[in-house]
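[1] Requesting a structural model of the entry that follows:
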Amino acid sequence: MAMTLPSWSSACKVTRTSSSRRVISRDIARQHSTRRMSTVTADAPPTPSGNLPLSGVRVLELGQLIAGPFCGQLLGHFGADVIKVEPPSTGDPLRVWRELDIDGTSPWFRSLARNKKSIAIDLRKQEGREIVKRLAVRSDVIVENFKPGTLEKWGLGPQELHKENPSLIFTRVSGYGQTGPWASRPGYASVCEAESGFRFINGQPDPNTGLLSGPPIRPNISLGDSVAGLHAAFGTVLALLSKQKKASRGEQGGETVDVSIMESMLNLMEGIIPEYDRKGKVRGPSGSSVTGIVPTNAYPCLPLPSTPTSPTYIIIGANGDTLYARLMHAIGREDLIGASYAQNHHRVARQGEIEEAISAWTSQRQVEEVLTILEGAGIPVGRVVGVKEIVEGAQVKARGAVEDVEVGRDGEGWKVKMPRVFPVLEGCDTKTRWAGPDLGAHTDEILGELGLNVESIIRLREEGVIG
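    Numbers count the residues shown, from 1 in each chain. Got it, this is the predicted structure:
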């Protein structure tokens, strides 16, 4: 049966080191000497997770790429015991996406799969599905991001698994949700971002219509996947709280957390739908500003010596009434203060004039001078920076927002910089416990915990059921 949930109210106060983890005999390592040496140990993690709020929660991650695994990463970072199921031959495709490290594995994967255990199982094989079923019986949560109906086809859906684990929570991430006419569509974040309306409001506006002029601008990250992963993690915690309440009443019943990438993006669309409903307003793109709020924009400064042909940009957010007045004083444009500029709706009507005045002032100055003057006036302002400036930044260093995580065995590996997982919880040590593991690094350990003997594991590996 699934493990008992921890008492979350005190989870961040006491640190306990688990002594109940069973590790399979070293005989297996000797009998599998032909297997590739793992660069990540399957031994106990270097830092205990007993002081984290999700300690004791067991999560079985069946997803791949970004949305489902990001949910698993968040849950694991805050203490959940996450077992990641991957295909034996290739593993999660993210292992070889974008830049590859010296071992041929993506550093991005090492980050997204941190604090997880990897077991390599072929879900196309019946015996593989039976192993997953046994793992599910011992779990509190399943996280998956297959096309709706896939788990049911494999006999691993809620109707089947709830027979043996009635309290199992299913967190299901898909493009459009588990129901509706679009449920069976492939769910790629880029398409779902478009269908949510998000892409329509990002780009350059047509000066005549205010609608898109040319193709929409895409953020250079998989935003829809990550936003869906956040919703999935939040929904999972809500379902765990609901499970606790049911247990206190002597009830059972696992819930399904149905997360749609499209709906997750729709959740970020602020007042767009209410404004359309009440005023018939169709919000279009706004370039580097935001519709109906003035001034908040990107403004050019003089080029840096290192990039003499490109301007350096800063962001100023001075849309509060008193902030706006301070900004105009700081740039010497007191003529743009008064009743005609007093409130935001006044400034929206004069946006062009205001933006031109700010740009004329910033474009004649180096970024450091602009920052010094505006920070001195108490104006929210910041540079548009790249990753080099981020990892070297004083605020990032002071908060430990980027951490160095060891990949490999002590003295034989290397370190990878990764962003910490947030938020910061008082009294909880949420540093990464280990990097994303090699494919199948924990297969033998996990199967041993299920009671499989050495001979069974050897046979399953020879038959391609496990890796």
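
[2] Please make it C-alpha for all contacts and neighbour counts, starting now.
    Fine.

[3] Let me know whether Asp438 touches Lys117 as I believe.
    No: the pair Asp438 and Lys117 does not pass the contact test of C-alpha atoms under 8 Å, sitting 9.1 Å apart.

[4] Can you give me the buried ones in stretch 295-307?
    The neighbour-count criterion (16 or more other C-alpha atoms under 10 Å) identifies 295-303 as the buried residues of stretch 295-307.

[5] Nearest residue to Pro166 in space, please, no chain neighbours.
    Gly253 (5.2 Å; C-alpha to C-alpha, 6 or more residues apart in numbering).

[6] mind checking how far that neighbour is from Leu75?
    Here the criterion is C-alpha to C-alpha, to the nearest Å. By it, Gly253 lies 21 Å from Leu75.

[7] go on, Met418?
    17 Å.

[8] how about stretch 377-390: buried residues?
    Those would be 379-383, for stretch 377-390 by 16+ other C-alpha under 10 Å.

[9] Among those, which lie within strands?
    Using DSSP state E, the members of the buried residues of stretch 377-390 that fall within strands are 381-383.

[10] Is it possible to get those residues out as TSV so that each row also shows pLDDT and distance to Arg461?
    Output for those, formatted as TSV (pLDDT from 0 to 100; distance: C-alpha to C-alpha, whole Å):
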residue	pLDDT	distance to Arg461
Val381	98	57
Gly382	97	54
Arg383	96	53
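
[11] Let me see the ranges of the helices in the stretch 1-150 of the chain.
    Chain-ordered helices for the stretch 1-150 of the chain, with DSSP state H, counting those that start in this stretch as the definition, fall at 27-31, 67-77, 107-112, 126-137, 150-153.

[12] Dump these to a markdown table, plus mean neighbour count.
    As requested, the helices of the stretch 1-150 of the chain are exported to a markdown table (neighbours: other C-alpha atoms under 10 Å):
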| stretch | mean neighbour count |
| --- | --- |
| helix 27-31 | 12 |
| helix 67-77 | 28 |
| helix 107-112 | 23 |
| helix 126-137 | 18 |
| helix 150-153 | 14 |
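
[13] quick one: which of those helices is nearest Gly464?
    Taking C-alpha to C-alpha, helix 126-137 is the member of these nearest to Gly464, at 9.2 Å.

[14] part of a helix, is Met418?
    No: under DSSP: H, G, I helix; E, B strand; the rest coil, Met418 sits outside any helix and is assigned strand.

[15] Which strand residues bridge it?
    In this entry, Met418 is beta-bridged to Glu403, by DSSP bridges.

[16] What is the burial count for it?
    Met418 has 20 neighbouring residues, counting by other C-alpha atoms under 10 Å.

[17] Double-check it against Glu403; I have them as touching.
    Yes: the criterion here is C-alpha under 8 Å, and Met418 meets it with Glu403 at 5.5 Å.

[18] Looking at this structure, which residue reaches furthest from the middle?
    Most distant from the centre of the chain: Asp335, at 45.9 Å, with distances by C-alpha atoms, centre = their mean.

[19] Tally up the residues packed near Leu374, please.
    So Leu374, with other C-alpha under 10 Å, has 19 neighbours.

[20] Run through the residues that contact it.
    327, 330, 380-381 (C-alpha atoms under 8 Å, 6 or more residues apart in numbering).

[21] Please save the CA atoms from the host helix or strand of it in CSV.
    Applying DSSP states H and E as the criterion places Leu374 in helix 367-376. Presented in CSV, the C-alpha positions along helix 367-376 are these (Å, rounded to 0.1, in the frame of the first residue of the first chain):
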residue,chain,number,x,y,z
VAL,A,367,23.7,51.8,-18.4
GLU,A,368,25.5,52.3,-15.1
GLU,A,369,24.8,56.0,-15.1
VAL,A,370,21.1,55.3,-15.7
LEU,A,371,21.0,52.7,-13.0
THR,A,372,22.7,55.0,-10.5
ILE,A,373,20.4,57.9,-11.1
LEU,A,374,17.1,55.9,-11.2
GLU,A,375,18.0,53.7,-8.2
GLY,A,376,18.9,56.8,-6.3
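
[22] where do the strands sit along the stretch 51-200 of the chain?
    In the stretch 51-200 of the chain, the strands defined using DSSP state E, counting those that start in this stretch lie at 58-61, 81-86, 116-120, 141-144, 169-174.

[23] so can I have CSV of those showing mean neighbour count, distance to Gly157 and mean pLDDT?
    As requested, those are exported to CSV (neighbours: other C-alpha atoms under 10 Å; distance: least, C-alpha to C-alpha, whole Å; pLDDT from 0 to 100):
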stretch, mean neighbour count, distance to Gly157, mean pLDDT
strand 58-61, 26, 13, 98
strand 81-86, 25, 16, 98
strand 116-120, 26, 20, 98
strand 141-144, 26, 10, 98
strand 169-174, 26, 9, 98
